[in-house]
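S.K.: below are the sequence and a predicted model; questions follow.
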Amino acid sequence: MIEPNRKRTLLLGAVSNYGSIFTSAIVTLISVPIGLHYFGPVRYGIWFVMASILAYLKMADFGIGLSTLTHIAQSPESSHQRVILRHSINLLLIIGSLLIGVILIVSYLFPSWIAIMGKIPSNFQKEAAISVLILGILTFLQMPTTAFTAAFSGLQKVYWNRAYGAFNSIASLVALLVTVLFQGNLVTLAIFTGVGSILVGIISGIHLFITQPDIRPRFTEKITGAPSNKLIFTSGIRFLALQVASLIILSTDNVVISHYLGPEMVTPYAITFKIFLMCMIFINGSIVALWPLYGQASENNNWDWIQRTYNHVTLPLLVAGGLVWIGGIIFCKQFINLWTGPTGYAGLLTVFALGGYVYLSTFGGSNASIVNGLNPTNIVVICGLIEAALNIGISILLVRSLGLGGVALGTFGAHLASSSWFYPLYIRYRTSKKISIEIKPILIHAFIVVLCVVLSLTVGINIERDWARSALGVAIIILYLLMSWKVMPISSQNRIKMFFTGMFPSKKIQAGSNL
């Protein structure tokens, strides 16, 4: 791929990803107050737990979707891409059918399985059990369609993958509004949410086959040298393990809280977590499109481009992550009070820990995009599972004494103890030192972040008046940005200047262009 095409692909991917993120953010801003008001904190907390279980059900594709993305990106011939997509659809159809049978058998043989969701009040247990069962069946029916959006990304058309992600967010909002309009319950919401996802998936498949006729599967076609079912499934297992680790980190918190503190305490934690999660997704949105590009560049041995891109994007991402950490400590409580009311705030300790997790995750996102582009190995899987185990262990250990803050500290501490340092070392080893991070500016920036976080905590704990806290918080943020700019490499500074110059051209340039 020549450089202009790579830049165009990256730009379209980033723009579409941010469009999807903004759509999801707007949907969240609208749906959370509506859902909290309509269902109440207990039932809405149950829905958040259900959403966590739904996340686990979606990863039951054994990583086939992500494996499909990577193998299509690394296969230059359309005939091989057709075979990969055909194998993917077949595998997902088989897996989805088997899982529907499993979920029906388990629900019949073990009617008390609802206990895994935590301390669900007895008057809500039947409603919750039926809702999860319906949501699970509809999710498995939708599973084969994930191959279509994965194929779009593998074909360097990440923007269509993100567009359908945005459509899914809109469909979930419509499901909630219809439920409220018809005065339904969690069962109603589960039905409309699942059906909406299926419709979006079907439309994505029709779109793929119309716009990319060369990738339409030909079921009698035999291509020598194309990836086999076994290869796609084996690669998928590695992605599955990484998905499991990621979901334990992002979704198990709600289940732990429901078990130890009750579903009503899930609501403030989930709402606070949503804010930081959206910030993290927004920051890492700029690097999502790099995944298939890294994979293609590695196949072409274009290590210089990967090295330059890796170091150019990493520190600016960390600066943005630190801004979320500092700003969250100062402003999160006021924002949640305006958005949902005081019941949605999980406390300063939770905010501190989740902000720290976002900061580390911006670094992790830059590393993960390279690792995924290279195709993860068993050692990456082991690291992910270790982080997941640490997360659960620390959360359970601290939830009894520190409540919601203890669960958040589990998420922060597990990432700090594992992925934050392992991934850059692994990338250096995996690429035989062709790719490595410039560590000095990273460490200096980490010191700056810690200093500003301590200042923010001091203000947040000791200053009671909102206006004074906000004024001092703004001053700390300005100080942080100035110090971060000073430690940023000149090359990264120049790229940022070029970006803003392109967005806001000077009057002199504009005048010259009119001549």
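M.R.: Thanks, I have the structure now.
S.K.: what is the burial count for Val351?
M.R.: Neighbourhood size, Val351 [other Cβ atoms under 10 Å]: 27. Where C-beta positions appear, they are placed from N, C-alpha and C, glycine not excepted.
S.K.: doesn't Gln334 make contact with it?
M.R.: No: applying Cβ atoms under 8 Å, one finds Val351 not in contact with Gln334, separated by 11.5 Å.
S.K.: the helix or strand hosting Glu387 - what's its average pLDDT?
M.R.: According to DSSP states H and E, Glu387 maps onto helix 378-402. The predicted model gives helix 378-402 an average pLDDT of 85.
S.K.: the strand or helix carrying Ile330: what's the following helix or strand?
M.R.: Assigned by DSSP H and E, Ile330 belongs to helix 303-339. Toward the C-terminus, helix 303-339 is succeeded by helix 348-374 as the next helix or strand (DSSP H and E).
S.K.: burial check on Leu109, number of neighbours?
M.R.: 8.
S.K.: try the one 3 residues further on
M.R.: Summarising burial for Ser112: neighbours were counted as other Cβ under 10 Å, giving 8.
S.K.: list the contacts of it.
M.R.: By Cβ atoms under 8 Å, 6 or more residues apart in numbering, the contact list for Ser112 is empty.
S.K.: and Val256, by the same measure?
M.R.: Listed by Cβ under 8 Å, 6+ apart, the contact set of Val256 reads 392, 395-396, 399, 407.
S.K.: surely Leu360 touches Leu416?
M.R.: Yes: the pair Leu360 and Leu416 passes the contact test of Cβ under 8 Å, sitting 6.1 Å apart.
S.K.: neighbour count winner among those two?
M.R.: Using other Cβ under 10 Å as the criterion, Leu360 and Leu416 rank with Leu360 on top: 21 against 16.
S.K.: quick one, what contacts that one?
M.R.: Contacts of Leu360 by Cβ under 8 Å, 6+ apart are 321, 412, 415-416, 419-420.
S.K.: centre of the chain versus the helix holding Glu387, how much separation?
M.R.: Its chain's average C-alpha position is 18 Å from that of helix 378-402, according to Cα atoms, centre = their mean, to the nearest Å.
S.K.: circling back to that earlier point, most surrounded residue in the contacts of Val256?
M.R.: Tallying neighbours with other Cβ under 10 Å puts Val407 at the head of these, with 29 neighbours.
S.K.: Phe412 reaches Thr350, doesn't it?
M.R.: No: using Cβ under 8 Å as the test, Phe412 is too far from Thr350 to be in contact (10.0 Å).
S.K.: give me the below-cutoff pLDDT ranges for the stretch 151-300 of the chain.
M.R.: 219-251, 286, 288-289, 291-292 (pLDDT under 70).
S.K.: what's near enough to touch the closest residue to Gly344 other than its chain neighbours?
M.R.: Counting by Cβ to Cβ, 6 or more residues apart in numbering, Gly344 lies nearest to Ile271, which is 4.0 Å off, once chain neighbours are set aside. For Ile271, the contacting residues are 32, 36, 336, 340, 344-346, by Cβ under 8 Å, 6+ apart.
S.K.: before we move on, the earlier item: for the helix holding Glu387, packing partners?
M.R.: With contacts defined as 3 or more Cβ pairs under 8 Å, 6 or more residues apart in numbering; DSSP states H and E, helix 378-402 has these neighbours: helix 229-260, helix 404-417, helix 419-430.
S.K.: if you count neighbours, what's buried in whichever strand or helix holds Leu177?
M.R.: Secondary structure from DSSP H and E places Leu177 in helix 158-181. Neighbour counts over helix 158-181 (16 or more other Cβ atoms under 10 Å) mark 158-169, 171-173, 175-176, 178-180 as buried.
S.K.: other SSEs contacting it?
M.R.: Partner elements for helix 158-181 (3+ Cβ pairs under 8 Å, 6+ apart): helix 3-58, helix 146-154, helix 186-211.
S.K.: go with 10 Å
M.R.: The contact analysis (3 or more Cβ pairs under 10 Å, 6 or more residues apart in numbering; DSSP states H and E) places helix 158-181 against helix 3-58, helix 146-154, helix 186-211, helix 266-288, helix 290-299.
S.K.: got the domain boundaries for this protein?
M.R.: What automatic domain parsing lists as the domains of the chain is 1-216, 239-501.
S.K.: ok, now which ones touch Pro299?
M.R.: Pro isn't right for residue 299; it's Glu. Counting by Cβ atoms under 10 Å, 6 or more residues apart in numbering, Glu299 touches 73-76, 373-374.
S.K.: report the buried members of the residues you listed.
M.R.: Neighbour-count burial (16+ other Cβ under 10 Å) applied to those gives 73-75, 373-374.
S.K.: okay, those residues in a markdown table with pLDDT and distance to Gly205 next?
M.R.: What follows is the buried ones among the contacts of Glu299, written out as a markdown table (pLDDT from 0 to 100; distance: Cβ to Cβ, whole Å):
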| residue | pLDDT | distance to Gly205 |
| --- | --- | --- |
| Ala73 | 74 | 19 |
| Gln74 | 70 | 22 |
| Ser75 | 71 | 20 |
| Gly373 | 71 | 25 |
| Leu374 | 76 | 29 |
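S.K.: how close does the residue most central in space within the chain sit to His415?
M.R.: By Cα atoms, centre = their mean, the chain has its centre lying nearest to Ile281, at 5.7 Å. Shown here: Ile281 relative to His415, a distance of 16 Å by Cβ to Cβ, to the nearest Å.
S.K.: same thing with Phe167?
M.R.: Separation of Phe167 from His415 (Cβ to Cβ) stands at 31 Å.
S.K.: if we can go back for a sec, pick out the most distant pair among the buried ones among the contacts of Glu299.
M.R.: Distance extremes for the buried ones among the contacts of Glu299: the farthest pair is Ser75 and Leu374 at 15.3 Å, using Cβ to Cβ.
S.K.: which secondary structure elements does the particular helix or strand that has Leu66 in it contact?
M.R.: Following DSSP H and E, one finds Leu66 within helix 64-73. Counting contacts by 3+ Cβ pairs under 10 Å, 6+ apart, helix 64-73 packs against helix 78-109, helix 146-154, helix 229-260, helix 290-299, helix 348-374.
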